[in-house]
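**Q** have a look at this prediction, sequence included:
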Amino acid sequence: MLRVTQLGSARSLLLTVLGEFVHPNGSPVWTATLVDALQVLGVEEKAARQALTRTAAEGMLTSERHGRRVLWSLTPQGHALLEEGTRRIYGFMRERRPWDGRWLVVSVPIPETQRQLRHRLRTRLSWLGLGSPTSGLWIATDATKADEVQAVVRDLGLADLAFAWTGSASGLGEEGRLLAEAWDLEEVEDRYVAFLSDFEIRIAPTDLEAFLAQVQLIEEWRRFPFLDPDLPAELLDHDWPGPRAASTFHEQHARWHRPAQAAWRSFAEAAGPLP
């Protein structure tokens with residue numbers, strides 16, 4: 001029996017399907033293929049079509065009409081965004097890196113009135129693994145991300161407001177308190193425990209169940225790069241469940257890959273051949 005519970009929004013699920021099944025294959029896809037796949041995931045047809053229209057309006061998809069049917073293709077922007085997301089999602093916590101003791105500290109003061117700009121900055125710096133212990137200040141334990149942070153700041157037009165530096169802690173103040181103020185590590189740990197409970201021993205005996213399980217797996221895992229700063233072991237005071245969850249993600253993804261792809265091909269075949 002399919003377990004269609006606790007799935008994300010129609011657009012989030014569409015992006016996962018595009019990233020996992022459309023982008024790697026490099027072929028256009030009929031509307032019916034995407035609608036059928038999303039219906040298996042609990043998305044009604046109207047919501048699926050709205051998600052397609054919205055994603056196209058954002059420049060990620062382009063459409064081509066063939067009679068009464070529509071064929072969708074990823075744009076160069078769509079390919080680039082999904083490729084970046086794939087690298088981040090599948091590379092996250094893949095290997096434990098040694099820590100040289102250096103911190104990256106970034107100061108970007110933005111007035112409270114510019115909420116949209118503050119949100120965009122928060123989204124992009126969180127994606128890079130930075131946390132904010134206080135307003136306008138961002139930190140990371142990976143000093144090598146300085147160039148990526150600089151690119152984000154410049155892209156948002158904030159270079160004239162920002163300062164950044166790297167170095168070791170001076171010994172003033174407790175690092176544990178700094179971490180607690182920058183990230184909600186208790187919530188992250190609870191999410192890891194829930195992830196392990198949902199997926200560590202889950203089985204998917206049919207192609208359709210593997211497709212559903214694969215999408216649910218990715219939907220849950222893709223959130224962790226935003227939430228978990230991937231702290232070095234030296235800063236963790238107990239057995240952190242992140243590495244165990246990462247192993248579960250990669251093992252289950254590999255286990256479900258072939259049957260999930262087979263289910264996807266069945267959606268595509270049911271919609272008919274491509275022109």
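**A** Sure thing, it's come through.
**Q** how many other residues sit next to the residue lying closest to residue 163 once chain neighbours are set aside?
**A** Take residue 163 and drop its neighbours on the chain: the residue closest to it by CB to CB, 6 or more residues apart in numbering is residue 107, 4.6 Å away. Just so you know, the C-beta spots here come from the backbone N, C-alpha and C atoms, and that holds for glycine as well. Residue 107 is flanked by 12 other residues according to other CB atoms under 10 Å.
**Q** I figured residue 107 hits residue 164, correct?
**A** Yes. Using CB atoms under 8 Å, residue 107 is in contact with residue 164, at 7.2 Å.
**Q** what about stretch 216-230, start to end distance?
**A** Terminal residues of stretch 216-230 are spaced 22 Å apart (CA to CA, to the nearest Å).
**Q** need the three-state assignment for residue 258.
**A** helix (DSSP: H, G, I helix; E, B strand; the rest coil).
**Q** give me the number of neighbouring residues for residue 55.
**A** 19.
**Q** got it, and residue 89?
**A** Other residues close to residue 89 by other CB under 10 Å number 18.
**Q** identify the residues contacting the helix or strand hosting residue 177?
**A** Taking DSSP states H and E as the criterion, residue 177 maps to helix 175-182. If you take CB atoms under 8 Å, 6 or more residues apart in numbering as the criterion, helix 175-182 is touched by 131-134, 139, 169, 185, 229, 231, 235, 237.
**Q** show me where the stretch 151-275 of the chain has its helices.
**A** Remark: helices assigned in the stretch 151-275 of the chain by DSSP state H, counting those that start in this stretch are 175-182, 185-199, 207-221, 224-227, 242-271.
**Q** revised request: answer the last question for the stretch 1-150 of the chain.
**A** 10-17, 23-25, 31-40, 45-57, 76-91, 115-127, 146-155.
**Q** roughly how far does the closest residue to residue 226 other than its chain neighbours sit from residue 229?
**A** The shortest distance from residue 226 to any non-neighbouring residue, by CB to CB, 6+ apart, is to residue 126 (5.0 Å). Using CB to CB, to the nearest Å, residue 126 is found at 9 Å from residue 229.
**Q** of the two, which one has the most company?
**A** Higher neighbour count among residue 126 and residue 229: residue 229, with 22 against 17, using other CB under 10 Å.
**Q** okay, that one: pLDDT?
**A** Here, the pLDDT recorded for residue 229 equals 92.
**Q** again, but for residue 63
**A** 96.
**Q** hmm, it is touching residue 56, no?
**A** Yes. Using CB under 8 Å, residue 63 makes contact with residue 56 at a distance of 6.1 Å.
**Q** gap between residue 198 and residue 237?
**A** To residue 237, residue 198 is 26 Å away according to CB to CB.
**Q** more crowded one of these two?
**A** Set side by side, residue 198 and residue 237 show more neighbours around residue 198, with 17 against 7, by other CB under 10 Å.
**Q** not counting sequence-adjacent ones, nearest residue to the more buried one?
**A** residue 220 (7.0 Å).
**Q** do the same with residue 240
**A** residue 189 (7.3 Å).
**Q** do residue 124 as well
**A** residue 152 (4.8 Å).
**Q** and the residue nearest the centre of the protein?
**A** In the chain, the C-alpha nearest the mean C-alpha coordinate belongs to residue 222, at 3.4 Å (CA atoms, centre = their mean).
**Q** for residue 78, see how far away the residue nearest to residue 163 is.
**A** Going from residue 107 to residue 78 by CB to CB gives 34 Å.
**Q** now list the buried members of the contacts of helix 175-182.
**A** The neighbour count (16 or more other CB atoms under 10 Å) marks 131-132, 139, 185, 229, 231 as buried among those.
**Q** mind listing what's buried along stretch 146-157?
**A** In stretch 146-157, counting by 16+ other CB under 10 Å, buried: 148-149, 152-153, 156.
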